[in-house]
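Participant: need coordinates for the following:
(2 chains)
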Amino acid sequence: DAGITQSPRHKVTETGTPVTLRCHQTENHRYMYWYRQDPGHGLRLIHYSYGVKDTDKGEVSDGYSVSRSKTEDFLLTLESATSSQTSVYFCAISERGQGGAKLFFGSGTQLSVL
Amino acid sequence: DQQVKQNSPSLSVQEGRISILNCDYTNSMFDYFLWYKKYPAEGPTFLISISSIKDKNEDGRFTVFLNKSAKHLSLHIVPSQPGDSAVYFCAARLNSGGSNYKLTFGKGTLLTVNP
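Facilitator: You can find the predicted model right below:
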C-alpha cells in the first residue's frame, strides 16, 4: 500500500468554523491532490500540487485553500465551512501528473458540517 | 457538462458470471483511460488502464475494451467473485499541453456479486 495518511478520519464541525485536513505521504511523490466524493458526482478535483509551494485549482476549488510547505504534507483548509462541504475527502499522490501515472489514494476523511 | 458518464449506478451479477461495466465519454481528446475500484470506507485503488491507441487491455480476470468511434469503454470481469463487489470509477485523461494532464472521473457504478 502507498504510504498515505489522512487525518482526521472523521470530523464533525459547525457552519462557519475553519477546518484543516491533512495528508501525509512517505513515498516522496511530487504530485499531490485533494478530491471530494459525493453521491451522484463521483470524484471531483479540488486542488492539486506539483511541488513544494506549487499548487493549482481543480474543478471545485471555491471555498477551499491548500498549502504544501514540505514534500510529504498537503493541507486542505476550509476557511469557513458550509453544509455544502459535507463530503468525503480523499488525498491522492502520483509520481507524475495525474493521468501520467496512476493515482494512489488515501483512506479518506468523512467531514460533516452541521 | 459531464464528459465521462457511467450511466448504470448499479449492477448485480451472480458469482462466476461475467460483469460488464460501461463508460461513455464525450471529449475525443481524451488519450488515456483508467478504472479504479473502491471498497466502502477505503480510498479508490487503480485497477486497469488503456491507451487510446489500443482497443483492448487484459490483466487476469479484468479486461478493458475501448471503442473510440463510439467513445465507449467497458470493463469486463470474468469470472466475477464476491470480493469484486465495490464501486468502479471510470476516469479519462486529457493532455492540456506539455505535461499538464487532467483526469475526469465518472460517477461510479456499484457492482454487487452475489454468491
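
Participant: and the closest residue in space to B:Y39 that isn't next to it in sequence, what is it in contact with?
Facilitator: Leaving aside its sequence neighbours, B:Y39 sits nearest to B:A86 (C-beta to C-beta, 6 or more residues apart in numbering or on different chains; 5.1 Å). In this view, the C-beta of every residue, glycine as well, is placed from N, C-alpha and C. Listed by C-beta atoms under 8 Å, 6 or more residues apart in numbering or on different chains, the contact set of B:A86 reads B:K37, B:K38, B:Y39, B:L110, B:L111.

Participant: ok, and the closest non-adjacent residue to the fourth one?
Facilitator: Nearest non-adjacent residue to B:L110, counting by C-beta to C-beta, 6+ apart: B:S10, 4.4 Å away.

Participant: shaky segments in the chain?
Facilitator: Let's take chain A. For chain A, residues meeting the criterion pLDDT under 70 lie at A:1-2, A:97-101.

Participant: the intended chain is chain B.
Facilitator: B:1, B:96-100.

Participant: where do the strands of it begin and end?
Facilitator: B:4-5, B:10-14, B:19-25, B:30-38, B:45-51, B:56-59, B:62-67, B:72-77, B:86-95, B:101-105, B:109-114 (DSSP state E).

Participant: residues contacting the fifth one, please?
Facilitator: Spelled out, it's strand B:45-51. A:102-105, B:31-38, B:56-57, B:59, B:62-64, B:66, B:73, B:75, B:88.

Participant: same check on the shortest one?
Facilitator: Defining contact as C-beta under 8 Å, 6+ apart, one finds that strand B:4-5 is touched by B:C23, B:D24, B:Y25, B:T26, B:C90, B:A91, B:A92, B:T104, B:F105, B:G106, B:K107.

Participant: same thing but 10 Å
Facilitator: A:42, B:22-27, B:30, B:33, B:71-73, B:89-92, B:103-107 (C-beta atoms under 10 Å, 6 or more residues apart in numbering or on different chains).

Participant: thinking again about what came up before, pull out the buried residues from the contacts of B:A86.
Facilitator: Among the contacts of B:A86, those buried by neighbour count (16 or more other C-beta atoms under 10 Å in any protein chain shown) are B:K37, B:K38, B:L111.

Participant: chain A next: which of those are close?
Facilitator: Residues of the buried ones among the contacts of B:A86 in contact with chain A (C-beta under 10 Å from any C-beta of the partner chain): B:K38.

Participant: could I get the buried ones among the contacts of B:A86 as TSV with distance to A:D38?
Facilitator: Shown next, in TSV, are those (distance: C-beta to C-beta, whole Å):
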residue	distance to A:D38
B:K37	19
B:K38	13
B:L111	20
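
Participant: from the buried ones among the contacts of B:A86, which is closest to chain A?
Facilitator: The shortest gap between chain A and any of the buried ones among the contacts of B:A86 belongs to B:K38, at 8.3 Å (C-beta to the nearest C-beta).

Participant: that'll do, ta.
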